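S.K.: Okay, sequence plus prediction incoming.
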Amino acid sequence: MDEVALTAAGLYAIVLLRAGGTYAVGRLAGAGARRSRFAGRYSPDRFRRVERAIQRWGAPVVAVSFLTVGFQTVANFLAGSMRMPLPRYLPALFVGGAAWALIYATAGLGVLELLERLFAEQTAFGVAAVAVVLLAVCGAVVYRRRKGSPELRDTVAEEH
């Protein structure tokens, strides 16, 4: 079996279980979802924006959410908590999950092949590239946390 097809099949199984599980948790949580610790992880504005989009557009929002980062978990959870019927939810899950799996399988394998070639031919450059990526990710996380946390924002403002 082709490497991309095998990877995509594995990722597809993972996304079906993860997103379906998130939908099930949302369905079980029901109205308590907005008061849960889960809701606290996302800004109330984002939660309401996703909820309005699901109410207006339904299953297509769930399917398209798989092409985003962070939005898909909220969309699946809210689809469950809003009790979206399974006949509407499952096609969105299957289509969106397939798109997600194919994108991550092709792009992911491409990046791995690039890194493999880079490390084999120019190890020092490969290590430097990975270090730059890690520093960029860490910097983005720190920036995002400081920007979103009022305590950190106040602390930074007092220091300057």
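M.R.: Great, that's in hand.

S.K.: how deep is Leu118 tucked in, by neighbour count?
M.R.: 16 (other C-beta atoms under 10 Å). In this view, the C-beta of every residue, glycine as well, is placed from N, C-alpha and C.

S.K.: Tell me which residues of stretch 75-86 come out buried.
M.R.: Ala75, Asn76, Phe77, Leu78, Ala79, Gly80, Ser81, Met82, Met84 (16 or more other C-beta atoms under 10 Å).

S.K.: residues in contact with stretch 3-12?
M.R.: Gly97, Ala98, Trp100, Ala101, Leu102, Tyr104, Ala105, Thr106, Gly108, Leu109 (C-beta atoms under 8 Å, 6 or more residues apart in numbering).

S.K.: please redo it, this time with the cut-off set to 7 Å
M.R.: Gly97, Ala98, Ala101, Leu102, Tyr104, Ala105, Thr106, Leu109 (C-beta atoms under 7 Å, 6 or more residues apart in numbering).

S.K.: again with stretch 126-134
M.R.: Against stretch 126-134 from outside (C-beta under 7 Å, 6+ apart): Leu115, Leu118, Phe119.

S.K.: Just the mean pLDDT for the longest helix along the chain, thanks.
M.R.: If you go by DSSP state H, the chain has its longest helix at helix 86-121. What helix 86-121 shows for mean pLDDT is 89.

S.K.: Quick check: next helix or strand after it?
M.R.: In the C-terminal direction, the helix or strand that comes right after helix 86-121 (DSSP states H and E) is helix 123-148.

S.K.: Can you find the helix or strand of this structure with the lowest average pLDDT?
M.R.: Lowest mean confidence among the helices and strands of the chain (mean pLDDT, DSSP states H and E): helix 150-159, at a mean of 50.

S.K.: one step back: can you list the contacts of stretch 126-134 in JSON lines and add distance to Arg56?
M.R.: Conversion of these to JSON lines gives the following (distance: C-beta to C-beta, whole Å):
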{"residue": "Leu115", "distance to Arg56": "42"}
{"residue": "Leu118", "distance to Arg56": "45"}
{"residue": "Phe119", "distance to Arg56": "48"}
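
S.K.: out of the residues you listed, who's nearest Ala59?
M.R.: Leu115 (36.9 Å; C-beta to C-beta).

S.K.: returning to that earlier point: if you look at the buried residues of stretch 75-86, which of them are in helices?
M.R.: Filtering the buried residues of stretch 75-86 for helices - DSSP H - leaves Ala75, Asn76, Phe77, Leu78, Ala79, Gly80, Ser81.

S.K.: Counting neighbours, what do you get for Trp100?
M.R.: 22.
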